[in-house]
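**Q** here you go, sequence then predicted model.
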Amino acid sequence: SNDITPSWRLRDRMKTVGVGLVMALNVGTDPPDIIKPHPCAKLQCWMDPSSVTRQKAKEKIGERLEAQYARWQQQRAARPLKYRRALDPTVEDVRALCLWLRRQARHERILLHYNGHGVPRPTANGEIWVFDKNHTEYIPLSVTDLRQWMGKPSIVVLDCSSAGILIPVLTAPIQETPPGTPPIMPQPSAKPMDVETAA
């Protein structure tokens, strides 16, 4: 028989050793490009974010997502995964998280889970959204930059509306950049966010 082993199966013994959770939730504020139907889904990680303060909701959702990954990993891994969370992050927060994960993992696999239910949909240019330092504007983050910061091998989970638009960017070859090249810092979106104070 002519059994051909697919190349993606050749490194089955590789372990995922680190998980980054990027939670762009902006609890209590709907993104400008989303019109929610009524009734609509309210739960994030099986909790209603409106049941607690905005800050507490972000923390609880991050904790619950981390606990889900930990539960899935229990049966397989001899050593625990290293986790790091970025809650309503800036571009620099995400960059620091990715670089930390790669340093910790060395040549092993890392996983990045992006929850973008509090920001606009990804763009056709291959960008997801995070926030400025004051949480007053949405800032685009290039998925190409994200992939370069994560390095290889890695897995990206995109938990956001219209994530499929990013498949061409996620599957395209990455151009190598010289070490130490700073990323191009993105410009804020034209639409400022509706900022609410925490209850």
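**A** On my side now, so go ahead. Numbering: from 1, shown residues only.

**Q** for the nearest residue to residue 14 once chain neighbours are set aside, give me its contacts.
**A** Leaving aside its sequence neighbours, residue 14 sits nearest to residue 109 (Cβ to Cβ, 6 or more residues apart in numbering; 5.2 Å). (Glycine included, C-beta is placed from N, CA and C.) Neighbouring residues of residue 109 by Cβ atoms under 8 Å, 6 or more residues apart in numbering: 14, 15, 16, 17, 153, 154, 155.

**Q** retrieve the pLDDT associated with residue 109.
**A** As predicted, residue 109 sits at a pLDDT of 92.

**Q** for it, give its distance to residue 155.
**A** 7 Å (Cβ to Cβ, to the nearest Å).

**Q** who touches both of those two?
**A** Contact criterion Cβ under 8 Å, 6+ apart; residues shared by residue 109 and residue 155: residue 16.

**Q** by mean pLDDT, point me to the weakest helix or strand of the chain.
**A** Lowest on mean pLDDT, DSSP states H and E among the helices and strands of the chain sits helix 54-73, with a mean of 88.

**Q** which is the next helix or strand following that helix?
**A** Using DSSP states H and E, the next helix or strand after helix 54-73 towards the C-terminus is strand 82-87.

**Q** may I ask which helix or strand encompasses the residue positioned nearest the centre of the chain?
**A** Residue closest to the average C-alpha location in the chain (Cα atoms, centre = their mean): residue 114, at 2.0 Å. Element membership for residue 114 (DSSP H and E) is strand 109-115.

**Q** please apply the same query to residue 145.
**A** helix 143-150.

**Q** what about dumping the CA coordinates of that helix to CSV?
**A** Presented in CSV, the C-alpha positions along helix 143-150 are these (Å, rounded to 0.1, in the frame of the first residue of the first chain):
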residue,chain,number,x,y,z
VAL,A,143,-2.1,38.3,13.1
THR,A,144,1.1,38.1,11.1
ASP,A,145,2.9,40.0,14.0
LEU,A,146,1.2,37.6,16.4
ARG,A,147,2.5,34.6,14.6
GLN,A,148,6.0,36.0,14.5
TRP,A,149,6.0,36.7,18.2
MET,A,150,4.7,33.2,19.0
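
**Q** run through the neighbouring helices and strands of it.
**A** helix 91-105, strand 109-115, strand 127-131, strand 154-159, helix 167-171 (3 or more Cβ pairs under 8 Å, 6 or more residues apart in numbering; DSSP states H and E).

**Q** looking at those, which is nearest to residue 55?
**A** Residue 55 lies closest to strand 127-131 among the helices and strands packed on helix 143-150, at 14.2 Å (Cβ to Cβ).

**Q** ok, and what's touching that closest one?
**A** Under Cβ under 8 Å, 6+ apart, the answer for strand 127-131 is 22, 24, 26, 88-91, 93-94, 114, 116, 119-120, 122, 137-143, 146, 158, 160, 166, 186, 189, 193.

**Q** distance from the chain centre to that strand, please.
**A** Distance of strand 127-131 from the chain centroid (Cα atoms, centre = their mean, to the nearest Å) equals 9 Å.
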